[in-house]
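Student: Okay, sequence plus prediction incoming.
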Amino acid sequence: MSYSRWSNSKFYSYWASNNTVYDKEDEVFLVHQDLTTYRGFTYTECKEMLNDTLKVKGKMNFVDNDEEAKELQKYMKQFIEHVDNEYLTK
């Protein structure tokens with residue numbers, strides 16, 4: 001599932017589905033700046049970054065300011081909500 005696309009954002013972000021993950025804490029959220037520059041974060045890492053823009057900028061050197069960090073936090077929040085909902089139905 002995509003949370004942002006290059007048509008409306010500097011970032012392309014999505015839930016990287018993997019059939020070998022059995023625990024929600026290991027689900028992965030990917031953020032691309034371009035086709036070759038990207039970072040992946042587990043559900044747990046995303047939860048740790050939700051309220052800390054400095055941590056977001058520290059983990060992704062392509063995030064230039066607080067506004068971009070907050071944008072990514074919005075996508076991480078959506079990812080966390082989707083993962084939580086998915087695991088409620090399992």
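Tutor: Cool, got the structure. Bear in mind that the values here come from a model prediction, so they are computed numbers and not experimental data. Numbering: from 1, shown residues only.
Student: packing partners for the longest helix along the chain?
Tutor: In the chain, taking DSSP state H as the definition, the longest helix is helix 66-88. Using 3 or more C-beta pairs under 8 Å, 6 or more residues apart in numbering; DSSP states H and E as the contact test, the elements touching helix 66-88 are strand 2-4, strand 12-16, strand 28-32, helix 43-49, helix 53-59. For every residue, glycine as well, the C-beta is placed using N, CA and C.
Student: highest average neighbour count across the ones you listed?
Tutor: strand 28-32 (a mean of 20; mean count of other C-beta atoms under 10 Å).
Student: strand partners of that strand, parallel vs antiparallel please.
Tutor: Sheet partners assigned to strand 28-32 using DSSP bridges are listed as strand 12-16 (antiparallel), strand 38-42 (antiparallel).
Student: Nearest to Thr89, out of those strands?
Tutor: Closest approach to Thr89 among the strands paired with strand 28-32 is made by strand 12-16 (15.2 Å; C-beta to C-beta).
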